[in-house]
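Colleague: predicted structure and sequence below. I'll ask about it afterward.
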Number of protein chains: 2
Amino acid sequence: MAAADRGPEPTTPAVAELVERHRETLDRALAAITARDYWSPYPEFPKAYGESAAADGKAAFEALLGKPFGLEQPGTDGETGGEVSPYGPELSIRYPHGDPDALVRAAQAAMPGWAAAGPLARAAVCLEILGRINARSHEFAQAVMHTTGQAYGMAFQAGGPHAQDRGLEAVAYAYAEQTRLPRQAGWTKPQGKRDPLVMEKTFTAVPRGVALLVGCNTFPTWNGYPGLFASLATGNPVIVKPHPRAVLPLALTVRIARQVLAEAGFDPDVVLLAAERPDEGLAKVLALRPEVRIIDYTGSSAFGEWLEANATQAQVYTEKAGVNTAVVESTDDYAGMLGNLAFSLSLYSGQMCTTPQNLLIPRGGIATDQGAKSFDEVVADLAAAIGKLLGDDARAASILGAVVNPGVAQRVERAADGGYGELALAPRTVAAPDFPDALVRTPALVKADAAKPDDAAAFLSECFGPVSFAVAVDSAADAVELLRRSVREQGAMTAAAWTTSAVVEQALVDACLDAGVSLSLNLTGGVYANQTAAFSDLHGTGANPAANSAYCDAAFVANRFRTVEVRRHR
Amino acid sequence: MAAADRGPEPTTPAVAELVERHRETLDRALAAITARDYWSPYPEFPKAYGESAAADGKAAFEALLGKPFGLEQPGTDGETGGEVSPYGPELSIRYPHGDPDALVRAAQAAMPGWAAAGPLARAAVCLEILGRINARSHEFAQAVMHTTGQAYGMAFQAGGPHAQDRGLEAVAYAYAEQTRLPRQAGWTKPQGKRDPLVMEKTFTAVPRGVALLVGCNTFPTWNGYPGLFASLATGNPVIVKPHPRAVLPLALTVRIARQVLAEAGFDPDVVLLAAERPDEGLAKVLALRPEVRIIDYTGSSAFGEWLEANATQAQVYTEKAGVNTAVVESTDDYAGMLGNLAFSLSLYSGQMCTTPQNLLIPRGGIATDQGAKSFDEVVADLAAAIGKLLGDDARAASILGAVVNPGVAQRVERAADGGYGELALAPRTVAAPDFPDALVRTPALVKADAAKPDDAAAFLSECFGPVSFAVAVDSAADAVELLRRSVREQGAMTAAAWTTSAVVEQALVDACLDAGVSLSLNLTGGVYANQTAAFSDLHGTGANPAANSAYCDAAFVANRFRTVEVRRHR
């Protein structure tokens, strides 16, 4: 439906102006989530933002360093901070620390005005927030790069326009859901010879309550925006609790949101930052507050499961750990497959929840357009493809980014020492231009055998970071069953497979439908298993232990609001 | 959208025939949930079912009594039963008792075939089940009457066509949600001067897992069908655990569903009956099974809250207890208001989760078209209206039905003894024609004062059954605040109000939006606060403690399935 169709009219000139400005984008987003073809209003090419944009963004980022982060919020009782860039420098930005009681009270106080604005006004305000974030994508790229370790190019795209796409997608879904019932409807029930019963009914979307966003270290904006904007667009105030290592991208987001809200005549406390002190455990404290009715979380399975089991007063949306599987059964484009896999394993040093971890390869080898390849040949050729992709340090660093945190560094060290098994490809240390203190490592490729229990114990738990396993399996059927079992037991955000056999393809599709994971088949070009496109691809399914929801579908937004009906005789 | 648009084509002639038979009804239901005007494919007038239908239904019901209930299911390990009609007779029907392990295994085994059928085939099978139930509405009316105590007319309508409407509504929502993404979509992303990236994507709805329906005593079909059909239509097998006092209506439902499933070529174990032994606590056992991923429940707050807190592996949809408020502030149709309220309080002896319990009336009296009426006059006039409505025993019994269980009987006794406070109207015992053993009582109307803590303690907890409180409040504003507080703290399924003041009306609407309860305003004719119409009215909101979901909206179905995507280069 078009955005103009439904919802109360904007009530102030400022809101009306925002609706006017963003109506076409909202309409196009509504069409895009239905058609699922490629679409984005936010250019992904850095140069689209102007000649000086990159330099301006860098300067804006650098101006933030070593200072208090200006953000006037209720209940501020001190400062906190301490982010260190994975590229070396300490950011030394000091964020306001808020008293949890005061934050919850402020969010609650801000809710009625935001709830009363209605779906269209809220969508317009959200699009204005996203538009202003978009205009500062180079500054956000710096902030994402220096908190996550992503290389600049990726930090720009994934942390900027692609994250904004996911935010806009959530706004579109939220608007569509809230306007599915008519604002007003007549009801006429015949009564035989008597006069009919005639009623007039109004349906109003009301927010659920205070929302909590618990941010993650690796993709603070990309994983944060769907929940943030889904909650906002459905009328809920949001308390944003960033990961302590990745505060800045969400702090900038909160500041922009508060500015836009205030300018549009709303209480800026609709969005609040809850930066935490070291070891404060603020997410746990906030998650159990009875006023908190929605929680969005990305991170470890342990805390995600804790939230699901304990924050039962809230709707909890989690994305947790998983073990992603790729099946390598046969291909008619061996070089394309190897190149695609090499890039998938290398991108951001495998520090994506979507990176393939286990490559299942029949021990008898595979058929390819370059003839039969033995298991060892496939593994060696893949190792060579990775080596070639990452042969040049500058190019390698632009793909790998930096190791995000000590946990990943430890796993790389363990892999390098043979701690996960025999290495088919040893990780190499890369010197990152301009950042001598950055820890940049190429992926480790470990050989494993599905028939050996010790190997299986290693590859069947998540090994987050640049460590993958080339796993020998008995057959294609064995690979399919191992894929199914992994997804069911360990969860998975992605699955990938290469096969030229219609029978194997059908078995793979069946296993993925059965176990609940989305499948990328025979990727050999510029689309990678670890990437999804907003408005078209779903990120996750919510059907296996790795996540209980997906970006973005109706289920992600439909329960963030409820509908209240008023009926009268007409 | 029209039902023809999307979803895999039916794969067998039997399924194709069902699709052909029910496509128009599905399309009309899809249109109805969008338009929200009056619509139903199931006639609510008993005579619409033919001259002999009532007698045939009674004969069919009587043929069930005193016998084993024929139902071949896996894992049957004995018999259970013991229903006693609130109208007196023991039903003496013996149901198969199933081993919980075997039931869960059978449901799991039945899932893949049902999952593979796709949304359109499932919708058609569900509509065939509903159609066959509809044809036997008089038999269901007997079954509902003699398990719930509803009078025959109500048992026919609420237990028959109106319940079927709610089931069909859930099927329509489920179909609409599952077909919101295209089955297949192309994706073409421009790459500047290079060839575009071109992908083909398929989206498949997959079920969540085994669903559990925990039935209730008073409305086994009306409250059971939304969850049952929402789960079925989204591909989940359903284990139906009826209330031990109201097994028959759901056992009949299960038997019909299994017949239709088998005839259409599906495993009948897609629907299973789990009748329990006395004090077996089967709902608790099944609710915690890891395979159980969806639970629908109607009943006490204690067990509903236990499910929400403990069955965290499942999506839990609950309808629990609440305290429904009606505000009587002013009216331009005093007689109409009194008549409407009298009927609302009397219908099914107030044993509806939607019956108004507390009538808030300014202690200074109210303005009416018959002049100013003091608090005592309003209460006395309402008592007189109830007395007049129920003056004739046969007519009274046809409205009141019978007291459903000993808990309600005890509360009526307590009210009659003045245990809740001063009586404005004493409950009277009614002799039900044909059923000398039925306990039929007229409502008690208790006078209370909001300013007195003892009174407030009594009327601010749910007093399920024919006991209402006429509560003196200081002012309209006081009434609005008490309404808001009751809904927030005790929960409510309904709110009603009578006012001629635009200011009071706005305050009431604001309070209801704020506290999350739907509001019926100034009802004076044949629409009652305790009744909602499928395809138009939402039953409950999910926004207050009385329920965490509503019949029926997208949120009620959207998370009963997940979407798995498969993408390939085109």
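Modeller: On my side now, so go ahead. In this text the structure is predicted, and so the values were computed from the model without any measurement.

Colleague: could you use CA atoms for every contact and neighbour count after this?
Modeller: Noted.

Colleague: measure the closest residue to chain B within the stretch 1-150 of chain A to A:Gly540 for me?
Modeller: In the stretch 1-150 of chain A, the residue found nearest to chain B is A:Asp37; the distance is 4.3 Å by C-alpha to the nearest C-alpha. Using C-alpha to C-alpha, to the nearest Å, A:Asp37 is found at 18 Å from A:Gly540.

Colleague: kindly report the same for A:Ala176.
Modeller: Counting by C-alpha to C-alpha, the gap between A:Ala176 and A:Gly540 amounts to 21 Å.

Colleague: who has more neighbours out of the two?
Modeller: A:Gly540 (28 against 22; other C-alpha atoms under 10 Å in any protein chain shown).

Colleague: in this structure that one contacts A:Asp553, no?
Modeller: No - applying C-alpha atoms under 8 Å as the test, A:Gly540 and A:Asp553 come out as separate, 10.5 Å apart.

Colleague: the closest residue to chain B within the stretch 151-300 of chain A: what secondary structure?
Modeller: Closest residue of the stretch 151-300 of chain A to chain B, C-alpha to the nearest C-alpha: A:Trp187 (4.4 Å). Look at A:Trp187: counting by DSSP: H, G, I helix; E, B strand; the rest coil, its state is strand.

Colleague: identify the residue nearest it in space, chain neighbours excluded?
Modeller: B:Asp37 (4.4 Å; C-alpha to C-alpha, 6 or more residues apart in numbering or on different chains).

Colleague: what's the following helix or strand after the helix or strand where A:Ala283 lies?
Modeller: According to DSSP states H and E, A:Ala283 maps onto helix A:282-287. Counting by DSSP H and E, the next helix or strand C-terminal to helix A:282-287 is strand A:292-298.

Colleague: how about the CA coordinates for that following strand, as CSV?
Modeller: Taking C-alpha atoms only, strand A:292-298 is exported to CSV below (Å, rounded to 0.1, in the frame of the first residue of the first chain):
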residue,chain,number,x,y,z
VAL,A,292,11.2,-3.1,29.4
ARG,A,293,8.8,-4.9,27.0
ILE,A,294,11.1,-5.4,24.0
ILE,A,295,14.7,-6.5,23.8
ASP,A,296,16.9,-6.7,20.7
TYR,A,297,20.2,-8.5,21.2
THR,A,298,23.1,-9.7,19.1
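
Colleague: just checking: what are the partner strands of that strand?
Modeller: strand A:210-214 (parallel), strand A:315-319 (parallel) (DSSP bridges).

Colleague: now it: average pLDDT?
Modeller: Averaged over strand A:292-298, pLDDT sits at 98.

Colleague: and the next helix or strand after that strand, what does it pack against?
Modeller: Downstream of strand A:292-298, the next assigned helix or strand under DSSP H and E is helix A:301-310. In terms of contacts (3 or more C-alpha pairs under 8 Å, 6 or more residues apart in numbering or on different chains; DSSP states H and E), helix A:301-310 is packed against strand A:315-319, helix B:301-310.

Colleague: reformat those as TSV; add mean neighbour count and mean pLDDT.
Modeller: Below are the helices and strands packed on helix A:301-310 laid out as TSV (neighbours: other C-alpha atoms under 10 Å in any protein chain shown; pLDDT from 0 to 100):
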stretch	mean neighbour count	mean pLDDT
strand A:315-319	23	97
helix B:301-310	17	95
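
Colleague: mind checking the ones you listed for the one nearest to B:Ser461?
Modeller: Counting by C-alpha to C-alpha, B:Ser461 lies closest to helix B:301-310 out of the helices and strands packed on helix A:301-310; the figure is 11.6 Å.

Colleague: export the closest one as CSV, just CAs?
Modeller: In CSV, the C-alpha atoms belonging to helix B:301-310 read as follows (Å, rounded to 0.1, in the frame of the first residue of the first chain):
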residue,chain,number,x,y,z
SER,B,301,-3.7,-16.4,35.2
ALA,B,302,-1.6,-18.7,37.4
PHE,B,303,-1.1,-21.3,34.8
GLY,B,304,-0.8,-18.8,32.0
GLU,B,305,1.9,-17.0,33.8
TRP,B,306,3.6,-20.3,34.6
LEU,B,307,3.6,-21.1,30.9
GLU,B,308,5.0,-17.7,29.9
ALA,B,309,7.8,-18.0,32.5
ASN,B,310,8.7,-21.7,32.0
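
Colleague: which element is A:Ala335 on?
Modeller: helix A:334-346.

Colleague: same check, this time on A:Arg411
Modeller: Taking DSSP H and E as the criterion, A:Arg411 maps to helix A:406-416.

Colleague: buried residues, that helix. List them.
Modeller: A:Val408, A:Ala409, A:Arg411, A:Val412, A:Ala415, A:Ala416 (16 or more other C-alpha atoms under 10 Å in any protein chain shown).
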